[in-house]
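**Q** Sequence unavailable; structure follows:
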Ligand SMILES: [Zn+2]
């Protein structure tokens, strides 16, 4: 297992769980008394799955770059977002048939967008580094929360009515989003 370094965290749990961290590290969450050799044997058994995940992470990092974004980079992205996002919001709000409140652009480490119960919308400036239709998929998602404040089948039906390729473009964030956010934290 020389080339698959594993970080082990023990706690009061009954089963062994594996997780690949955003930097590719393998994290094993193990029960307190499980022998280390059993943990490593399990990791070895899952090495195919682990390498696949690590390769996907590496590909994603290649897609979005590795250079750490500076404060001024982020400011520029926020300005660009303030110019590009509001007209798109206006366009999709009309298609969905909803109103909305203020639009705020932030640089956040966890969220791509949100919609408050008052209809205030919040978008991550890093979306400027994603494909345009991925940005659109986030805008449609948040605006559809003006009709359904949940992720129910009715919510997704509305999303798909307005934006039939939603899953295709939303997938980009699932595949590359974590790598993109890493450019903010280094
Ligand atoms: Zn949502």
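**A** Looks like it arrived, so ask away. Treat the numbers as computed from the prediction; the structure is a model and nothing was measured.
**Q** what's the longest helix along the chain packed up against?
**A** Using DSSP state H, we find that the single longest helix of the chain is helix 71-96. Judged by 3 or more Cβ pairs under 8 Å, 6 or more residues apart in numbering; DSSP states H and E, helix 71-96 is in contact with strand 103-106, strand 121-124, helix 132-144, helix 153-162. (C-beta placed from N, C-alpha, C; glycine too.)
**Q** buried ones in it?
**A** By neighbour count with 16 or more other Cβ atoms under 10 Å, helix 71-96 contains the buried residues 73, 74, 77, 78, 81, 84, 85, 88, 89, 92, 93, 96.
**Q** Show me the beta-bridge partners of residue 9.
**A** Beta-bridge partners recorded for residue 9 (DSSP bridges): residue 29.
**Q** got the contact list for it?
**A** 27, 28, 29, 30 (Cβ atoms under 8 Å, 6 or more residues apart in numbering).
**Q** Quick one: low-confidence residue ranges for the protein.
**A** In the prediction, the chain carries residues with pLDDT under 70 at positions 1-3, 186.
**Q** Tell me what angle the longest helix of the chain forms with helix 153-162.
**A** Here helix 71-96 runs at an angle of 90 degrees relative to helix 153-162 (axes from the mean of the first three to the mean of the last three Cα atoms, to 10 degrees).
**Q** let's number from 766 now, not from 1
**A** Okay, residue one is now 766; in that scheme the one you just asked about reads as helix 836-861.
**Q** residues of the helix or strand containing residue 827 that come out buried?
**A** Counting by DSSP states H and E, the element that carries residue 827 is helix 812-829. Neighbour counts over helix 812-829 (16+ other Cβ under 10 Å) mark 815, 818, 819, 822, 825, 826, 829 as buried.
**Q** Format those residues as CSV; extra columns: distance to residue 902.
**A** Listed next are the buried residues of helix 812-829 as CSV, based on distance: Cβ to Cβ, whole Å:
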residue, distance to residue 902
815, 29
818, 24
819, 27
822, 22
825, 17
826, 22
829, 17
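**Q** Surely residue 798 is in a strand?
**A** No - looking at residue 798 with DSSP: H, G, I helix; E, B strand; the rest coil, it is coil, so not inside a strand.
**Q** so what's it up against?
**A** Counting by Cβ under 8 Å, 6+ apart, there are no residues that residue 798 touches.
**Q** With the one 5 residues further on instead?
**A** Contacts for residue 803 were tallied using Cβ under 8 Å, 6+ apart; they are residue 781.
**Q** Done for today, thanks.
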